[in-house]
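Student: Please find the sequence and the predicted model below.
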Amino acid sequence: MTSTAQAPQPGARSAHPEHLGHVIFIAAAAAMGGFLFGYDSSVINGAVEAIRDRYDVGSAALAQVIAIALIGCAIGAATAGRIADRIGRIRCMQISAVLFTVSAVGSALPFALWDLAFWRIIGGFAIGMASVIGPAYIAEVAPPAYRGRLGSFQQAAIVIGIAISQLVNWGLLNAAGGDQRGKLLGIEVWQVMLGVMVVPAVLYGLLSFAIPESPRFLLSVGRRERAREILAEVEGKDVDLDARVYEIEHAMKSEHKSSFKDLLGGGFFFKPIVWIGIGLSVFQQFVGINVAFYYSSTLWQSVGVDPTDSFLYSFTTSIINIIGTVIAMIFVDRVGRKPLALIGSVGMVVGLALEAWAFSYHLVDGKLPATQGWVALVAAHIFVLFFALSWGVVVWVFLGEMFPNRIRAAALGVAASAQWIANWAITASFPSLAEWNLSGTYVIYTVFAALSIPFVLKFVKETKGKTLEEMG
């Protein structure tokens, strides 16, 4: 085929929009949902001990209040796709923003423990919606030439949201003189921590009015002219818009709507490939990563670290999380998914085993011995770094690529649901397990990290460099 550099492109593979900055703004605005996902998931870290003290609850009840948001997450994730198909991606974002705002206000001003739990569920529903609609919208709007890089905005926004929530918590605690139940703005400081999320939630809602609807959704409801306008805006005017509209409409007509029934077979209820996806999701959570983001302040305080310092350590682990995520984004296409997962598993085993060793020592005057204290702190950062540069990113890449086209959507839904359930199990069990034996708890997480190595070696196939059609 001879060069046709000046001719309009029939498709969008080589589309380069004139206003790339505007396309980046659109993706970044959509990724604000990811920021809120990370922020809301992690901000509770700063309130755990204050909630325990204010409502005088035991570890089991406290764990349910912390973990109950994950029930909302599962419901939100399960329903977001249908809502977005009915009323549009932008409307879905706006509903999510409203729910985030309502949850922030309600959580900041609870009457009792039960309504704090209720507002946590509402926030979880918003997280679940954001976890689905952000990546889907970016994938539908981004020019194919930039889709991978723009799609990574969502994961980057999540880890930045986690870090910012920890920084805000630390700053507010310092402003209250280090007392988690100290007064600030007329209410207790932990309430302010939960209420601050109103700011990014409102910003997310406002940004949703500044970005266009997905061309794919517009075509699904017959608004072809508006879809053409947006395609010209995000993919460039040199693209043959009629061909692009036809390409999208043809793809939508030929799509197979996978159902739960398509996943059945293979002797153990699900097809083997579905079990592998579930296994990846479960291992990602059973290494205890969310303990680092939901309970790290409580963990450090339980071994004698000053509350202000414990909040600072939570922030530094969040920065390590960002660094690890950037490393994964750089190397996932160069090194491959499987090698990165194995490297991460080995690193996590080392970090978790060192934490288990350090926490096995008896406290002296309410604190870990100096050597064990420093080992625990360094090991926690090692664990988060190796998780972030591997399983934190790689699992989502695997789940997006490993399933055959005919079952991809349904299989991804099952694997994602397994991830929320595993997340809930770890989050709900940690306070009671830690009360039983903190070192033993970390031994359990170490065992799961170690088991992930033979699991990946035996069952997981490399997907680097393969087209989605090659997955069967």
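Tutor: Nice, I can see it. Numbering: from 1, shown residues only.
Student: C-alpha from now on. contacts and neighbour counts both.
Tutor: Fine.
Student: from the chain's centre, how far out does stretch 294-309 sit?
Tutor: 23 Å (CA atoms, centre = their mean, to the nearest Å).
Student: in that stretch, what's buried?
Tutor: If you call a residue buried by 16 or more other CA atoms under 10 Å, then stretch 294-309 has these buried ones: 294-305, 307-309.
Student: what's the farthest-apart pair in the residues you listed?
Tutor: Tyr294 and Gly304 (18.2 Å; CA to CA).
Student: So Ile26 sits against Ile211, correct?
Tutor: Yes: the pair Ile26 / Ile211 is scored as a contact, 5.8 Å apart, by CA atoms under 8 Å.
Student: the more surrounded of these two?
Tutor: Neighbour totals were compared for Ile26 and Ile211, and Ile26 leads with 22 against 16 (other CA atoms under 10 Å).
Student: any idea how far that one lies from Leu116?
Tutor: Distance of Ile26 to Leu116, computed by CA to CA, to the nearest Å: 34 Å.
Student: next one: Phe286
Tutor: With distances taken as CA to CA, Phe286 is found 27 Å from Leu116.
Student: These two: who's more crowded?
Tutor: When Phe286 and Leu116 are compared on other CA under 10 Å, the one with more neighbours turns out to be Phe286, at 22 against 19.
Student: got the contact list for that one?
Tutor: Phe286 sits next to Ala422, Asn423, Ile426, Tyr445, Phe448, Ala449 when contact means CA atoms under 8 Å, 6 or more residues apart in numbering.
Student: Neighbour-wise, give me the winner out of these.
Tutor: Taking other CA under 10 Å as the neighbour criterion, Ala449 ranks highest of these with 27 neighbours.
Student: Surely that one is in contact with Ile343?
Tutor: No: using CA under 8 Å, Ala449 makes no contact with Ile343, being 11.2 Å away.
Student: And Ile44, what's its pLDDT?
Tutor: The model reports Ile44 with a pLDDT of 87.
Student: Just give the nearest non-adjacent residue to it, would you?
Tutor: Leaving aside its sequence neighbours, Ile44 sits nearest to Tyr294 (CA to CA, 6 or more residues apart in numbering; 6.4 Å).
Student: ok, now Ala104?
Tutor: Among residues not flanking Ala104 along the chain, Gly195 sits closest, at 4.8 Å (CA to CA, 6+ apart).
Student: re earlier: closest to Asp40 among the contacts of Phe286?
Tutor: Checking those against Asp40 with CA to CA, the nearest one is Asn423 at 14.9 Å.
Student: Run through the residues that contact the closest one.
Tutor: Here Asn423 is in contact with Leu70, Gln285, Phe286, Asn290 (CA under 8 Å, 6+ apart).
Student: my guess is the residue nearest to Ala104 contacts Pro110, does it?
Tutor: No: at 10.8 Å, Gly195 does not count as touching Pro110 under the criterion of CA under 8 Å.
Student: which one of these two has more residues nearby?
Tutor: The residue with more neighbours, out of Gly195 and Pro110, is Gly195; 20 against 15, by other CA under 10 Å.
Student: Please name the residues that touch that one.
Tutor: Taking CA under 8 Å, 6+ apart, we find Gly195 in contact with Ala104, Val105, Ser107, Ala108.
Student: Which pLDDT value does the model give the second one?
Tutor: The reference is to Val105. Note for Val105: predicted pLDDT of 96.
Student: now do the last one
Tutor: Here the pLDDT value assigned to Ala108 is 94.
Student: Can you get me a residue count around it?
Tutor: When counting by other CA under 10 Å, one arrives at 23 neighbours for Ala108.
Student: Make residue 1 into 45 and carry on from there
Tutor: OK, 45 is where the count begins now, so the last one is Ala152.
Student: where does it sit relative to Asp286, distance-wise?
Tutor: On the measure of CA to CA, Ala152 and Asp286 end up 51 Å apart.
Student: Then the third one?
Tutor: Applying CA to CA, one obtains 49 Å for the distance of Ser151 from Asp286.
Student: and Asp409, how many residues sit next to it?
Tutor: Counted with other CA under 10 Å, Asp409 comes out at 9.
Student: let me redo that: Phe337
Tutor: As a measure of burial, Phe337 has 25 neighbours, counting by other CA under 10 Å.
Student: do you know how far it is from Thr360?
Tutor: Counting by CA to CA, the separation of Phe337 from Thr360 is 11 Å.
Student: buried ones in the helix or strand encompassing Tyr83?
Tutor: In this assignment (DSSP states H and E), Tyr83 forms part of helix 64-87. Buried residues in helix 64-87, counting neighbours by 16+ other CA under 10 Å, are found at 64, 67-68, 70-87.
Student: Using PDB, write out the CA atom coordinates for it.
Tutor: Taking Å, rounded to 0.1, in the frame of the first residue of the first chain, the C-alpha atoms of helix 64-87 are listed here in PDB:
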ATOM      1  CA  LEU A  64      -4.400  16.700  22.200                       C
ATOM      2  CA  GLY A  65      -4.400  18.900  25.300                       C
ATOM      3  CA  HIS A  66      -8.200  18.900  25.200                       C
ATOM      4  CA  VAL A  67      -8.300  15.100  24.900                       C
ATOM      5  CA  ILE A  68      -6.000  14.800  27.900                       C
ATOM      6  CA  PHE A  69      -8.300  17.200  29.800                       C
ATOM      7  CA  ILE A  70     -11.300  15.000  29.000                       C
ATOM      8  CA  ALA A  71      -9.500  11.800  30.200                       C
ATOM      9  CA  ALA A  72      -8.200  13.500  33.300                       C
ATOM     10  CA  ALA A  73     -11.700  14.800  34.100                       C
ATOM     11  CA  ALA A  74     -13.200  11.300  33.800                       C
ATOM     12  CA  ALA A  75     -10.300  10.000  35.900                       C
ATOM     13  CA  MET A  76     -11.400  12.200  38.800                       C
ATOM     14  CA  GLY A  77     -13.800   9.300  39.500                       C
ATOM     15  CA  GLY A  78     -10.700   7.200  40.100                       C
ATOM     16  CA  PHE A  79      -9.200   9.900  42.400                       C
ATOM     17  CA  LEU A  80     -12.400   9.800  44.500                       C
ATOM     18  CA  PHE A  81     -12.300   6.000  44.400                       C
ATOM     19  CA  GLY A  82      -8.800   6.100  46.000                       C
ATOM     20  CA  TYR A  83      -9.600   9.000  48.300                       C
ATOM     21  CA  ASP A  84     -12.800   7.600  49.700                       C
ATOM     22  CA  SER A  85     -11.400   4.100  50.000                       C
ATOM     23  CA  SER A  86      -8.400   5.300  52.100                       C
ATOM     24  CA  VAL A  87      -9.600   8.300  54.000                       C
END
